[in-house]
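Peer 1: What follows is a predicted protein model with its sequence.
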Amino acid sequence: MRGSNHNGMRQFNERIVLRGIRHAGAIPKADLARLTQLSAQTVSIIVNRLLFDGLLLKQERIRGKIGQPSIPLSLNPDGAFSIGLQVGRRGLEVVVSDFLGQIRHTWQHHYPFPSPGEVIPKMAEGLAYMQAQLAQNWDKVVGIGLSAPLSLHAWGDLMGSQASQAMADWEQIDLLQTVQAMTPLPVEFAKDTTAACVAELVQGQGRELANYVYVFIGTFIGGGLVLDGHIVNGPRGNAGAIGSFPLSVPGKDSGQLLELASGWQLEQALIQAGHDPLLVADDRIMQAEFAQMRQTWLAQASHALALCITSAAALLDLDAIVIDGSISPLLLQAVLAQTESRLKEMRFDGIHRPALMQGQIGASARALGGSLLPLHAQFFPDKDIFLKQDHPIL
């Protein structure tokens with residue numbers, strides 16, 4: 001976190017100052033100069049400009065210390081806003097984040113599968129709803145962060161013939177261009193699980209961890225990879241794509257992690273028993289009447305996850321595995337507990353066993369992560385931290 005006093009560095013130094021305040025919290029100018037290694041004069045000029053722009057707030061004076069009372073500076077939550085637009089296989093979510101990266105408004109629409117004919121009009125509806133919610137603050141929106149699976153048309157066969165046919169249409173649609181046509185705001189794209197990983201990196205466990213695999217359990221399981229505090233996306237956006245991890249589980253044909261540890265398998269069990277599949281995201285799934293199907297899924301998923309984690313640890317030398325998801329929070333805790341038990345059965349001879357940790361963001365991680373992209377691109381210096389794909393293959 002070091003700035004430059006050379007001419008022509010105004011924008012970069014502003015970003016350094018904003019990031020310093022974001023990480024340190026309310027901080028006086030003198031301490032901010034020491035933190036950023038900028039001169040006191042440079043910090044004073046930048047702070048005055050940011051106060052004028054409404055991006056900073058002055059807090060109450062700190063008295064009782066030697067010298068003049070100091071005035072801490074903090075980010076103004078209302079200084080800027082950003083939209084997160086998440087297109088999933090079971091639902092659409094739109095959120096508004098403020099300058100602190102906190103969700104202010106949320107809008108959701110659920111569907112049995114993502115048909116373009118349903119999803120595209122609903123995206124426009126969700127954006128219009130957020131514009132109405134923000135009212136006069138809409139002028140402070142800096143952009144839209146779009147998140148979706150890289151291959152939204154893939155695995156449609158797992159969701160039924162009707163879904164497969166409708167989802168195949170996504171192969172001919174440029175989702176990024178479709179959303180950009182709806183708005184004059186700049187639109188940035190990230191793979192859905194990468195966006196969720198962004199949220200965890202910036203607002204969750206990633207603030208303390210440098211090297212970990214991030215796992216998000218939704219309708220389909222997916223993930224991301226963080227090394228040295230940066231998301232590793234890979235040349236084709238497939239780094240950390242653990243859903244495609246090949247493995248075999250006793251009693252099952254060889255397949256991928258996605259086919260064994262996704263919420264989709266439990267959804268299918270609920271449907272076959274005449275229940276609402278959305279119970280997977282509801283804590284009622286932990287009730288006794290769902291015990292048999294829940295335990296069957298947990299046993300299968302935890303074993304598959306333990307195999308995947310052990311292999312990842314051998315290859316990457318990780319500090320931790322962070323697991324989050326859009327499934328019920330209580331069900332997620334059960335996943336972690338049973339996976340922890342399974343890991344005790346694995347051999348870690350010659351390698352470091354990573355800690356197993358629960359994510360701190362929850363079901364809205366993908367939408368929140370998307371909303372953080374425009375904020376960081378606009379105001380913070382470490383834009384490459386997310387390593388986004390500019391031209392997603394959808």
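Peer 2: Yes, it's here. Numbers count the residues shown, from 1 in each chain.
Peer 1: Over to the closest residue to residue 24 other than its chain neighbours: give its phi and psi.
Peer 2: Closest residue in space to residue 24, ignoring its immediate chain neighbours: residue 35 at 6.2 Å, by CB to CB, 6 or more residues apart in numbering. Any C-beta I mention is one placed from the backbone N, CA and C, and that applies to glycine too. When read as degrees, to the nearest 10, the backbone of residue 35 gives phi -70, psi -40.
Peer 1: Just to check, residue 220 is in contact with residue 243?
Peer 2: Yes. Counting by CB atoms under 8 Å, residue 220 does reach residue 243; the two are 5.8 Å apart.
Peer 1: what residues are shared contacts of these two?
Peer 2: Jointly contacting residue 220 and residue 243 under the rule CB atoms under 8 Å, 6 or more residues apart in numbering are 258, 262.
Peer 1: Looks like residue 56 contacts residue 75 (just checking).
Peer 2: Yes. Using CB under 8 Å, residue 56 is in contact with residue 75, at 6.5 Å.
Peer 1: Now do the shared contacts for the two.
Peer 2: Joint contacts of residue 56 and residue 75 (CB under 8 Å, 6+ apart) are residue 21.
Peer 1: Below-threshold pLDDT in the chain: ranges please.
Peer 2: For the chain, the stretches with pLDDT under 70 are 1-10, 63-69, 155-156, 249-254, 381-394.
Peer 1: State the helix or strand in which the most centrally placed residue in it lies.
Peer 2: By CA atoms, centre = their mean, the mean C-alpha position of the chain lies nearest to residue 196, the distance being 1.7 Å. Per DSSP states H and E: residue 196 is located in helix 192-203.
Peer 1: from the chain's centre, how far out does that helix sit?
Peer 2: Distance, stretch centre to chain centre, for helix 192-203: 3 Å (CA atoms, centre = their mean, to the nearest Å).
Peer 1: mind listing the helices for the stretch 251-394 of the chain?
Peer 2: Secondary structure of the stretch 251-394 of the chain (DSSP state H, counting those that start in this stretch): helices located at 263-272, 291-316, 329-343, 365-379.
Peer 1: report the angle between the axes of the first one and helix 329-343?
Peer 2: So that's helix 263-272. Interaxial angle, helix 263-272 versus helix 329-343 (axes from the mean of the first three to the mean of the last three CA atoms, to 10 degrees): 120 degrees.
Peer 1: And helix 263-272, what does it pack against?
Peer 2: For helix 263-272, the packing partners by 3 or more CB pairs under 8 Å, 6 or more residues apart in numbering; DSSP states H and E come out as helix 291-316.
Peer 1: what is the orientation angle of the helix it packs on with helix 263-272?
Peer 2: Going by the same axes, to 10 degrees, helix 291-316 is angled at 170 degrees with respect to helix 263-272.
Peer 1: I'd like to know which elements helix 291-316 is packed against.
Peer 2: In terms of contacts (3+ CB pairs under 8 Å, 6+ apart), helix 291-316 is packed against strand 212-217, strand 246-247, helix 263-272, strand 320-325, helix 329-343.
Peer 1: Which residues belonging to that helix are considered buried?
Peer 2: Judged by neighbour count (16 or more other CB atoms under 10 Å), helix 291-316 contains these buried residues: 293-294, 297-298, 300-310, 312-313, 316.
Peer 1: between the helices of the stretch 251-394 of the chain, which one is nearest to residue 212?
Peer 2: helix 291-316 (9.1 Å; CB to CB).
Peer 1: what's the angle from the closest one to strand 320-325?
Peer 2: Using the same axes, to 10 degrees: helix 291-316 against strand 320-325 is 140 degrees.
Peer 1: what angle do helix 291-316 and strand 212-217 make?
Peer 2: Between helix 291-316 and strand 212-217, the angle comes out at 160 degrees (the same axes, to 10 degrees).
Peer 1: now helix 291-316, how far from the chain's geometric center?
Peer 2: Using CA atoms, centre = their mean, the offset of helix 291-316 from its chain centre is 22 Å.
Peer 1: With stretch 345-364 instead?
Peer 2: 18 Å.
Peer 1: again with stretch 220-239
Peer 2: Centre-to-centre, stretch 220-239 and its host chain are 12 Å apart (CA atoms, centre = their mean).
Peer 1: Give me the buried positions along that stretch.
Peer 2: Judged by neighbour count (16+ other CB under 10 Å), stretch 220-239 contains these buried residues: 220, 221, 222, 223, 224, 225, 226, 227, 231, 233, 237, 239.
Peer 1: again, but for stretch 167-179
Peer 2: So, applying 16+ other CB under 10 Å, buried residues of stretch 167-179: 167, 170, 175, 176, 178, 179.
Peer 1: Now do the helix holding residue 196: which elements does it pack against?
Peer 2: By 3+ CB pairs under 8 Å, 6+ apart, helix 192-203 packs against strand 81-87, strand 141-148, strand 212-217, strand 221-227, strand 230-232, strand 320-325, helix 365-379.
Peer 1: My read is that residue 264 contacts residue 219, right?
Peer 2: Yes. Counting by CB under 8 Å, residue 264 touches residue 219, with 5.1 Å between them.
Peer 1: These two - which one has more neighbours?
Peer 2: Ranked by neighbour count (other CB atoms under 10 Å), residue 264 and residue 219 place residue 219 first, with 26 against 21.
Peer 1: Using the three-state scheme, assign the more buried one.
Peer 2: coil (DSSP: H, G, I helix; E, B strand; the rest coil).
Peer 1: wait, doesn't it sit right on residue 110?
Peer 2: No. Counting by CB under 8 Å, residue 219 does not reach residue 110; the two are 10.9 Å apart.
Peer 1: Now for the two: what residues contact both?
Peer 2: Common contact partners of residue 219 and residue 110 (CB under 8 Å, 6+ apart): residue 90.
Peer 1: ok, and the closest non-adjacent residue to residue 265?
Peer 2: Nearest residue to residue 265, sequence neighbours excluded (CB to CB, 6+ apart): residue 297, at 5.7 Å.
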